[in-house]
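Whatever this is, show me its structure:
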Amino acid sequence: MSPKGSVLIIDDEQEIRESLEQLLRLEGYQAGSASTAEEGLKKFEGGVFDLVLLDINLPDGNGLDLLKSIKHDSPEISVIMITAYDSSQMAFQASKEGAESYVTKPWDNDKLLLEVRNLLDKSRLRAENLQLRRALKRFALPNLVGRSDKMQKVMDLITQVAISRATVLISGESGTGKELVAKTIHAMSPRADRAFVPVNTGSMPVDLLESTLFGHVKGAFTSAIATKRGLFELADQGTIFFDEIGTVGVETQAKLLRVIQEREFMRLGGTETIKVDVRILAATNADLRKLALAGHFREDLYYRLNVINICLPPLRERKEDIPHLVEHFLKKFGEENSRLGLQFSPAAMKAVMDYDWPGNVRELENAVERAVVLASGPTLGPDILPEQIFQDGSHGGQGEAAQEFAGRSLFEIMEAKERQVILDMLARTNWSQTDAAERFKIPLSTLNQKIKRLQIDVKHRGEG
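Reported below is the predicted structural model:
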């Protein structure tokens, strides 16, 4: 692309197209052209242009309709409308639809070139300001902590995809920070000033989920006493984030596929088609490809979601990031609790480095918050860390495990192991006893009895 900029000319008169292309190229611009609205839209979508010169009257449509399409998809692109008739009403309408300027045939070449140059300078300045804002936002999001090679690759990928409108699938174990990555992508995107709408798909029945997503009209169901907008409408021009997309039912998956493909939907009980411009980000801790092959997830939706995949590594695979995360969380919770200057002792740091953190960054965050709240001095020792760090089988070698169980009865060993398994699952589910019971496939009351019998302390845990 020319450093001066690239211009697309859409006009049905060949002589005008050729003369404009020659004029612009002599001034150092790149130029392309199209003779119809359909050809112009295809060239615009398939290329990279900084400005469009657009005729109002085209053989296959109205230039104002094409202007709407261009501005809807790329509001930052400058458009100059061209017409053979000088009409204040037409100029007003073009301006209303987003055109930056309006010229009539025949025009003065010098004035036209000046207008093109001014608009491209403004576009360049907007782009530079946008890049600066994105860079500042990146530094303003300290929660995304990681200096390991794996996390640096993740951050590089986030930076690359943020400026696009591509759908992104964020995968990784629970607690790895998938929603934080989604928020970072949104904050670094051109949609940053618009809404970021998170949706927890796993916690709602089908009817409620669809009503929440697409809205409903009055009378759609018994309690629908008024028409209600859904989250897709609220997220228009912004980003919608589906957490644990693999839990969405097959019927709802079909409707999501339509929104991604057609950018339109209907409210529950309604007949009106509503168009939206929404970027979709989704997260999963399940293997969607395996779910698709097993028939539990639509294969076509999987491929639509998996345009770009960002896979977050578990904390046990990037332990070099643990000291930086500990420092970050100490500062964060120290400020929240007015306990500044806290630090881990060498023994405490060794303990957190040796532990495998099955609950990932979320579990580490909770452990540091607990330590800050319970601290009695500026140096935090291993005694203030959660007990599962020292009971998990990943901590220490086989010799230490044998020494731990030496002289204990089989019942005592089995009870200790049962306690360890329950602690591990609670950590994985962010201390949600309901979620843990579901994963164990036992009633919640049974799990609560075991917690009580094994004297597991859940009071100081939580979803902090």
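
show me the contacts for Ala226.
By Cβ atoms under 8 Å, 6 or more residues apart in numbering, the residues touching Ala226 are Lys218. For the C-beta atoms, the positions are set from N, CA and C on the backbone; glycine is no exception.

Okay, now the unreliable bits of the protein?
In the predicted model of the chain, residues 1-3, 86, 129-143, 202-203, 392-411, 459-464 satisfy pLDDT under 70.

please redo it, this time with the cut-off set to 50
When residues are selected by pLDDT under 50, those of the chain lie in 137, 140-141, 393-404, 462-464.

Kindly report the domain assignment for it.
Each domain of the chain is listed here as a residue range: 6-131, 141-313, 316-453, per automatic domain parsing.

how about the helices in the stretch 51-200 of the chain?
Under the criterion DSSP state H, counting those that start in this stretch, the stretch 51-200 of the chain contains helices at 63-73, 88-96, 109-139, 149-162, 178-187.

Does Val250 touch Asp300 like I think?
No. If you go by Cβ atoms under 8 Å, Val250 and Asp300 don't touch, sitting 11.7 Å apart.

Of all residues in the protein, which one is nearest the centre?
Averaging the C-alpha coordinates of the chain gives a centre point, and the residue nearest to it by Cα atoms, centre = their mean is Ala182 (2.5 Å).

how near is that residue to Leu385?
30 Å (Cβ to Cβ, to the nearest Å).

Can you give me the neighbour number for Leu256?
Counted by other Cβ atoms under 10 Å, the residues lying close to Leu256 total 24.

Quick check: buried residues in the helix or strand in which it is found?
The secondary structure element spanning Leu256 is helix 250-262 (assigned by DSSP states H and E). Taking 16 or more other Cβ atoms under 10 Å as the neighbour-count basis, helix 250-262 is seen to contain the buried residues 252-253, 255-257, 259.

and if you look at stretch 164-182?
167-182.

Just to check, Ala127 is in contact with Glu76?
Yes. Ala127 is in contact with Glu76 according to Cβ under 8 Å; the separation is 7.4 Å.

Surely Leu67 is in contact with Gln93?
No. With contact taken as Cβ under 8 Å, Leu67 and Gln93 are classed as non-touching, separated by 9.5 Å.

Counting neighbours, what do you get for the closest residue in space to Ser69 that isn't next to it in sequence?
Closest residue in space to Ser69, ignoring its immediate chain neighbours: Leu41 at 6.2 Å, by Cβ to Cβ, 6 or more residues apart in numbering. Number of residues near Leu41 (other Cβ under 10 Å) recorded here: 17.

Just the element for Leu41, please.
When elements are defined using DSSP H and E, Leu41 is found to belong to helix 37-46.

chain center to that helix: distance?
29 Å (Cα atoms, centre = their mean, to the nearest Å).

Same check on stretch 239-253?
How far stretch 239-253 lies from its chain's middle: 14 Å, per Cα atoms, centre = their mean.

buried residues in it?
Buried residues in stretch 239-253, defined by neighbour count with 16+ other Cβ under 10 Å: 239-248, 252-253.

what do you get for stretch 48-57?
By neighbour count, with 16+ other Cβ under 10 Å as the criterion, the buried positions of stretch 48-57 are 49-56.

CA atoms of it as PDB?
Extracted as PDB, the C-alpha positions of stretch 48-57 are listed here (Å, rounded to 0.1, in the frame of the first residue of the first chain):
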ATOM      1  CA  VAL A  48      -7.600  -2.300   2.300                       C
ATOM      2  CA  PHE A  49      -8.800   1.200   1.400                       C
ATOM      3  CA  ASP A  50      -8.500   4.500   3.300                       C
ATOM      4  CA  LEU A  51     -11.000   6.500   1.300                       C
ATOM      5  CA  VAL A  52     -13.900   5.900  -1.100                       C
ATOM      6  CA  LEU A  53     -15.100   8.100  -3.900                       C
ATOM      7  CA  LEU A  54     -18.700   7.000  -4.400                       C
ATOM      8  CA  ASP A  55     -21.200   7.900  -7.100                       C
ATOM      9  CA  ILE A  56     -24.800   8.400  -5.900                       C
ATOM     10  CA  ASN A  57     -26.400   6.900  -9.000                       C
END
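
circling back to that earlier point, centre of the chain to the helix or strand following the helix holding Leu256, how far?
Per DSSP H and E, the first helix or strand lying C-terminal to helix 250-262 is strand 264-266. Strand 264-266 has its average C-alpha position 22 Å from the chain's average C-alpha position, going by Cα atoms, centre = their mean.

Would you mind identifying the next helix or strand past strand 264-266?
Downstream of strand 264-266, the next assigned helix or strand under DSSP H and E is strand 273-275.

Tell me what angle the helix or strand following that following strand forms with helix 149-162.
Going down the chain from strand 273-275, the next helix or strand is strand 279-284, by DSSP H and E. Per axes from the mean of the first three to the mean of the last three Cα atoms, to 10 degrees, the angle that strand 279-284 makes with helix 149-162 is 150 degrees.

So what touches strand 279-284?
Under Cβ under 8 Å, 6+ apart, the answer for strand 279-284 is 165, 167-172, 178-179, 182, 185-186, 189, 191, 238-246, 259-260, 305.

Could you spell out the sheet neighbours of it, each with its direction?
Taking DSSP bridges as the criterion, strand 279-284 pairs within the sheet with strand 168-171 (parallel), strand 239-243 (parallel).

got TSV for those strands, with distance to Asp60 too?
Formatted as TSV, the strands paired with strand 279-284 follow (distance: least, Cβ to Cβ, whole Å):
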stretch	distance to Asp60
strand 168-171	35
strand 239-243	34
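
Out of those strands, which is closest to Arg117?
For the strands paired with strand 279-284, proximity to Arg117 was assessed by Cβ to Cβ; strand 239-243 is nearest, at 34.3 Å.

how far off helix 250-262 does the closest one point, in degrees?
Angle of strand 239-243 versus helix 250-262, following the same axes, to 10 degrees, is 150 degrees.

got the CA positions of strand 239-243 in CSV?
Extracted C-alpha coordinates of strand 239-243, given in CSV (Å, rounded to 0.1, in the frame of the first residue of the first chain):
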residue,chain,number,x,y,z
THR,A,239,-18.7,-7.3,22.0
ILE,A,240,-20.6,-10.3,23.5
PHE,A,241,-18.7,-12.9,25.4
PHE,A,242,-20.1,-16.4,25.9
ASP,A,243,-18.5,-18.1,28.9
